[in-house]
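Engineer: Turn this into a structure:
(chains A, B, C and D)
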Protein chains: 2
Amino acid sequence: MRDGVFRALADPTRRRILELLAERDRTAGELAREFPIAFASVSHHLGVLKTARLVATEREGQHIRYRLDTTVFQETVRYLMERFGGDAHA
Amino acid sequence: MRDGVFRALADPTRRRILELLAERDRTAGELAREFPIAFASVSHHLGVLKTARLVATEREGQHIRYRLDTTVFQETVRYLMERFGGDAHA
DNA sequence: CACTTATTTAGACTCTTAACTAAATATCTC
DNA sequence: GAGATATTTAGTTAAGAGTCTAAATAAGTG
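Structural biologist: This next block holds a predicted model:
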């Protein structure tokens, strides 16, 4: 269950996508333009993030808008803190 | 830099190792006995965890004792919380 | 409906990774 | 130092992941 999340976070391109989405929602195309790789590759990364439920999508006409879904982040932080004393807020 | 941590956490065997170490320190052999895979395979996982600095080791005579190193956990939790609002303690 | 734009899916290729067995290294005991 | 135990390293194999190009799907425009 947690595999997908950590695996998703393990790729730098995907973390960068998440950081961009943390600033503001963006369409797939807006995101893809930020990277030197093919659109199809970014699309693949978006699929991984979506499967891990780290992002959610909404169609907006021709575009598909991506936004962060913080639910799983919260669960993940809780997991790390509770199990491994990753008590970073102090 | 963060790749190693998330990649290390992406494997269920390695997460289980970390959970066991969260209970108490253990030797490589004690850990290996908990899994249905070959000792060498567990050793490989321990290597990954050590490279990610999630665990630290200390030789104790014939045995090698593994313990959790929480430093990187803390950095990781901080990263997730700051960037993605993974504010799980509320 | 043909045409364009936006995005995903499919198939191929390469690189990485997790597993195994066998061999190597390190420590302890006699 | 020979032999036993503990652990890692090497070499192999099979599966997974990231990338690409090309094709497919979906929506907007004339």
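Engineer: Helix, strand or coil: sort out the closest residue to A:Lys50 other than its chain neighbours for me.
Structural biologist: Leaving aside its sequence neighbours, A:Lys50 sits nearest to A:Thr57 (Cβ to Cβ, 6 or more residues apart in numbering or on different chains; 6.5 Å). Backbone N, C-alpha and C define where each C-beta goes, glycine included. Secondary structure of A:Thr57, reduced to three states by DSSP: H, G, I helix; E, B strand; the rest coil: strand.
Engineer: ok, now how distant is the residue in chain A positioned nearest to DNA strand C from A:Arg65?
Structural biologist: Per Cβ to the nearest atom of the strand, A:Gly29 is where chain A lies closest to DNA strand C, at 2.1 Å. Taking Cβ to Cβ, to the nearest Å as the criterion, A:Gly29 is separated from A:Arg65 by 10 Å.
Engineer: and if you look at A:Met81?
Structural biologist: Taken as Cβ to Cβ, the spacing of A:Met81 relative to A:Arg65 amounts to 31 Å.
Engineer: Of the two, which one has the most company?
Structural biologist: Using other Cβ atoms under 10 Å in any protein chain shown, the more surrounded residue of A:Met81 and A:Arg65 is A:Met81, with 20 against 15.
Engineer: so which strand or helix has the more buried one?
Structural biologist: Assigned by DSSP states H and E, A:Met81 belongs to helix A:70-84.
Engineer: For chain A, what lies in contact range of chain B?
Structural biologist: Where proximity means Cβ under 8 Å from any Cβ of the partner chain, the interface of chain A facing chain B comprises A:2-3, A:6-7, A:9-12, A:15, A:18-19, A:22, A:68, A:70, A:73-78, A:80-81, A:83-89.
Engineer: re the thing from before, torsion angles phi and psi at the residue of chain A closest to DNA strand C?
Structural biologist: phi -70, psi -40 (degrees, to the nearest 10).
Engineer: what sits against it?
Structural biologist: Neighbouring residues of A:Gly29 by Cβ atoms under 8 Å, 6 or more residues apart in numbering or on different chains: A:39, A:63.
Engineer: is it true that A:Arg65 touches A:Arg26?
Structural biologist: Yes. A contact is recorded between A:Arg65 and A:Arg26 when judged using Cβ atoms under 8 Å, the distance being 7.3 Å.
Engineer: Now do the worst-scoring helix or strand of chain A on mean pLDDT against helix B:70-84, angle only.
Structural biologist: Taking mean pLDDT, DSSP states H and E as the measure, the helices and strands of chain A show their lowest mean at helix A:70-84, namely a mean of 94. Counting by axes from the mean of the first three to the mean of the last three Cα atoms, to 10 degrees, helix A:70-84 lies at 160 degrees to helix B:70-84.
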